[in-house]
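J.: structure for the following, please:
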Amino acid sequence: MEIINGERLVLGTCYYPEHWDESLWRDDLRRMLENGIEVIRIAEFAWSKIERYEGVFNYDFFDRFLDLAEEMGMKVIFCTPTATPPAWLTEKYPEVLNANMDGVLYRHGARRHYNYNSPKYQELTRIIVEKSASHYAKHPAIIGWQIDNELNCEKDVFYSESDTIAFRKFLEKKYETIDALNAAWGTNFWNQTYNSFEEVYVPRTTLSNSTNPHEVLDYTRFVSDSACKFAKMQSDIIRKYIKPGDFITTNGLFGNLDNQRMTNESLDFITYDSYPNFAYCLDAYNKDNFLKDRMWSRNLSEVRAVSKNFGIMEQQSGANGWNTGMAAPTPKPGQMTLWTMQSVAHGADYVSYFRWRTCTYGTEIYWHGILDYSGRDNRRLAEVKSVHEKFQKLSEIAGSKYEAKVGFLKDYDNEWDSQLDIWHEKVEWKSQLGIFEAAQRTHTPMDYIYLRDDVTAEDLKPYSVLFYPHPVLISEERKVVLEEYVKNGGCLVLGCRSGYKDMYGRCVMDKLPGKFAEMSGVDIPEYTLVSPDNKDIVIDWDGTKLEAAVFNDQLAAVGEHAEVLGRYENCYYAGEPGLIKNTYGEGTVYYFGAAFSEKTAEVFLEKLGVKDPHKAKLEIPETCELAVRKKDDTEYCFVLNYKDAEAEIQVKEEMTDLYTGEKVSGTVVLKPFEVRVLK
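T.: All right, here's what the predicted structure looks like:
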């Protein structure tokens, strides 16, 4: 791949030639190249530049631009323009439009207003992609293709008539008979029984807006399936025409979408759009949030769960905001570099800034790029050039992998169930944020791993400890993989509410924790949400008081290998077990009867011996992040200072500063927002 090649780190930017007079093009490209930008992304919103009128195709505009790019030595990622269908299309074929839950259509004038399942939109998409790829793919300036733009962004729910028709087909393929669907969805409740698939719709507005939860779970799976098929339709067309070595990707990481499936089916790798400045949005700023822009390391870890090495298609370079909202300040000196290196630290080998010039019209007039409206040289452009110089010094890092011995297991079924079930949601997000923040504060690198059909116990073996906080839904196949991981010496940490639903989202009638009972050595005779008038409940683990947050499973140890480690205090079930360790084969399972707050998660990291694994080499304040990439036996330690103040770190073993080539040890001072990369 031209941009993820394991040989060097590459800089790019997003460019919109249709927004600017052609007299600016040559100078823009020249200045980009002079400042280290060698790749641009174009055309994702430019359908009308190719097909202004239905069936009338004109390639001259992008022919001229691509020829200039080739002449200047600029490489190009070309996009399919399907994120913004043109006015002629939506006017003539309103059935392509998405709708809200009440069936009211989203009209032309914004973006992503189409639905994936309209046969007419699929037909017109196939035409524009075929015409674009067959004409442009052979151009020597093009090195890769982006499908659409940010699939499932803005809206990740679809309620058009086409979606209902497609949903029925999806369900008929899955269940075959309407009686099987009725059984799976429990339609005897509230007299929802269906006599035919034609009576089933996508979720619609109800009196209490409490649509059947099992229907909503299948509907979410359907939305993901629709987006994946839409991406594959385009990818299959592009693959007929691309040059050897050119790639296909798409950008973003959005809801109701199985990104692993989409990548495996349609892409060579995924790219992400990283906007840490959202942490400083004026209408959503939380001064008590410890993580702030550091939270984007969690998002980058999610991307890494899809592609170990990946690209950033849109990296924050200026203030953000539409005219309607999302207003945030200009990045301070050094923050742009910090956020770039944050992406690299987590596995990005390509970083493309959004955008080159700030648009002077339209909804995104306040979404600033590298240059402001005038296009004059500025501080951010100088920072881009300095990043390019750093990238040259960091070239040996390309192809190295993020190194972690702690893993956080996830799966889409539980992610989607937690969206529709507030009992699940409350424990899920408490633990997701708590475990991530604990890992960040303690400098414990952590991976996300999605349990999919192709994941084996061997894939999990590299992790010393795996957190799977609330696997409410669990299949027999996933259970077997986890059992094998533990039997072979792994350590699995479970939290409350594990195993109480089947894969349709129905509560099981087994003794809880259901499929986890044997491996965990646990029985759960009773459970409760933590009462709002009794929030100081703790579990005592050898004298350490653990917050028993949100929900409490009252436990009993089962079997000769199960050991009670902690008991509840300050509640009516005081004295009941709240933490049980079970030896299972060569490994161990810990069942914690609550959700994981940050402090509780930190105790687990410490007691399980995985906290701060690099402390013998580096002593770092909690205001700095540590990320480690590894290639062969060489470790590259990224230390990122997120504070607008100096930070001191202690280098306990002599290391090489890759920026300077100098050997460093002892006290090293990081300037505000500075990043050091130590080999």
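
J.: now do the strands in the stretch 351-500 of the chain.
T.: Along the stretch 351-500 of the chain, the stretches classed as strands by DSSP state E, counting those that start in this stretch are 401-402, 406-410, 446-450, 465-468, 491-494.

J.: in TSV: the ones you listed, plus distance to A601 and mean neighbour count.
T.: C-betas here are computed from N, CA, C, even on glycine. Supplementary listing: those in TSV, determined by distance: least, C-beta to C-beta, whole Å; neighbours: other C-beta atoms under 10 Å:
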stretch	distance to A601	mean neighbour count
strand 401-402	20	17
strand 406-410	10	23
strand 446-450	10	20
strand 465-468	8	24
strand 491-494	9	24
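
J.: can you redo these as a markdown table with mean pLDDT and distance to I312?
T.: Formatted as a markdown table, these follow (pLDDT from 0 to 100; distance: least, C-beta to C-beta, whole Å):
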| stretch | mean pLDDT | distance to I312 |
| --- | --- | --- |
| strand 401-402 | 98 | 15 |
| strand 406-410 | 98 | 22 |
| strand 446-450 | 98 | 17 |
| strand 465-468 | 98 | 27 |
| strand 491-494 | 99 | 31 |
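
J.: need those strands in JSON lines (columns: distance to Y373).
T.: What follows is the strands of the stretch 351-500 of the chain, written out as JSON lines (distance: least, C-beta to C-beta, whole Å):
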{"stretch": "strand 401-402", "distance to Y373": "38"}
{"stretch": "strand 406-410", "distance to Y373": "42"}
{"stretch": "strand 446-450", "distance to Y373": "39"}
{"stretch": "strand 465-468", "distance to Y373": "47"}
{"stretch": "strand 491-494", "distance to Y373": "52"}
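
J.: closest to Y590 out of those strands?
T.: Among the strands of the stretch 351-500 of the chain, the nearest to Y590 by C-beta to C-beta is strand 491-494 (4.7 Å).

J.: from the chain's centroid, how far away is the closest one?
T.: Chain-centre distance of strand 491-494: 23 Å, with C-alpha atoms, centre = their mean, to the nearest Å.

J.: distance of I435 from E91?
T.: According to C-beta to C-beta, to the nearest Å, I435 stands 50 Å off from E91.

J.: can you list the buried residues in stretch 350-357?
T.: Y350, V351, S352, Y353, F354, R355, W356, R357 (16 or more other C-beta atoms under 10 Å).

J.: tell me who's in contact with the first one.
T.: Y350 makes contact with I3, I4, L9, V10, L11, G12, V39, T271, F310, G311, I312 under the criterion C-beta atoms under 8 Å, 6 or more residues apart in numbering.

J.: count the neighbours of the third one for me.
T.: The one in question is L9. For L9, the number of neighbouring residues by other C-beta atoms under 10 Å comes to 25.

J.: need the contact list for it.
T.: V344, D349, Y350, V351, F391, L394, S395, I397, A398.

J.: tell me which element the third one falls in.
T.: In other words, Y350. strand 348-354 (DSSP states H and E).

J.: how far away from the center of its chain is that strand?
T.: 16 Å.

J.: in the stretch 401-550 of the chain, which spans are helices?
T.: Counting by DSSP state H, counting those that start in this stretch, the stretch 401-550 of the chain has these helices, from start to end: 412-420, 422-441, 457-460, 476-487, 517-520.

J.: for the first one, packing partners?
T.: In this case it means helix 412-420. If you count contacts as 3 or more C-beta pairs under 8 Å, 6 or more residues apart in numbering; DSSP states H and E, helix 412-420 packs onto helix 213-239, helix 422-441.

J.: can you pull the poorly scored residue ranges out of the stretch 501-650 of the chain?
T.: Within the stretch 501-650 of the chain, no stretch has pLDDT under 70.

J.: and with 90 instead?
T.: For the stretch 501-650 of the chain, applying pLDDT under 90 flags the ranges 533-535.

J.: how about the strands of it, start to end?
T.: Assigned by DSSP E, counting those that start in this stretch, the strands in the stretch 501-650 of the chain fall at 522-529, 538-541, 544-547, 551-557, 562-569, 577-584, 587-592, 618-619, 624-631, 634-641, 647-656.

J.: parallel or antiparallel, list what pairs with the first one.
T.: According to DSSP bridges, strand 522-529 forms sheet pairs with strand 551-557 (antiparallel).

J.: what comes up buried for the strand it pairs with?
T.: F551, N552, D553, Q554, L555, A557.

J.: ok, stretch 578-587 next?
T.: Neighbour-count burial for stretch 578-587 [16+ other C-beta under 10 Å]: G578, L579, I580, K581, N582, Y584, G587.

J.: closest one of those residues to S498?
T.: For those, the nearest to S498 is I580 (12.0 Å; C-beta to C-beta).

J.: now do the contacts for Q146.
T.: Going by C-beta under 8 Å, 6+ apart, Q146 touches R41, E44, I77, F78, C79, T80, I248, T249, T250, N251, T271, M313.

J.: now those residues as a markdown table including neighbour count, distance to S160 and pLDDT?
T.: Converted to a markdown table, those look like this (neighbours: other C-beta atoms under 10 Å; distance: C-beta to C-beta, whole Å; pLDDT from 0 to 100):
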| residue | neighbour count | distance to S160 | pLDDT |
| --- | --- | --- | --- |
| R41 | 25 | 29 | 98 |
| E44 | 25 | 23 | 97 |
| I77 | 28 | 30 | 98 |
| F78 | 26 | 29 | 98 |
| C79 | 25 | 24 | 98 |
| T80 | 25 | 21 | 98 |
| I248 | 20 | 27 | 98 |
| T249 | 27 | 27 | 98 |
| T250 | 27 | 22 | 98 |
| N251 | 27 | 24 | 98 |
| T271 | 29 | 28 | 98 |
| M313 | 28 | 28 | 98 |
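
J.: go through those residues and flag which are in helices.
T.: Among the contacts of Q146, no member falls in helices (DSSP state H).

J.: picking that back up, nearest to G499 among the helices and strands packed on helix 412-420 would be which one?
T.: Of all the helices and strands packed on helix 412-420, helix 422-441 sits nearest to G499, with 12.4 Å by C-beta to C-beta.

J.: picking that back up, E646: which of the contacts of Y350 is nearest?
T.: So of those, ranked by how close each gets to E646 (C-beta to C-beta), first place is L9, at 26.7 Å.

J.: could you pull up phi and psi at the closest one?
T.: Main-chain torsions, L9, degrees, to the nearest 10: phi -90, psi 140.

J.: find the nearest non-adjacent residue to it, please.
T.: F391 (4.2 Å; C-beta to C-beta, 6 or more residues apart in numbering).

J.: need the contact list for the one you found.
T.: With contact taken as C-beta under 8 Å, 6+ apart, F391 is in contact with R8, L9, V10, L11, G36.

J.: how about E625?
T.: R294, S297, Q342, A345, Q440, H443, F638, V639, L640, Y642.
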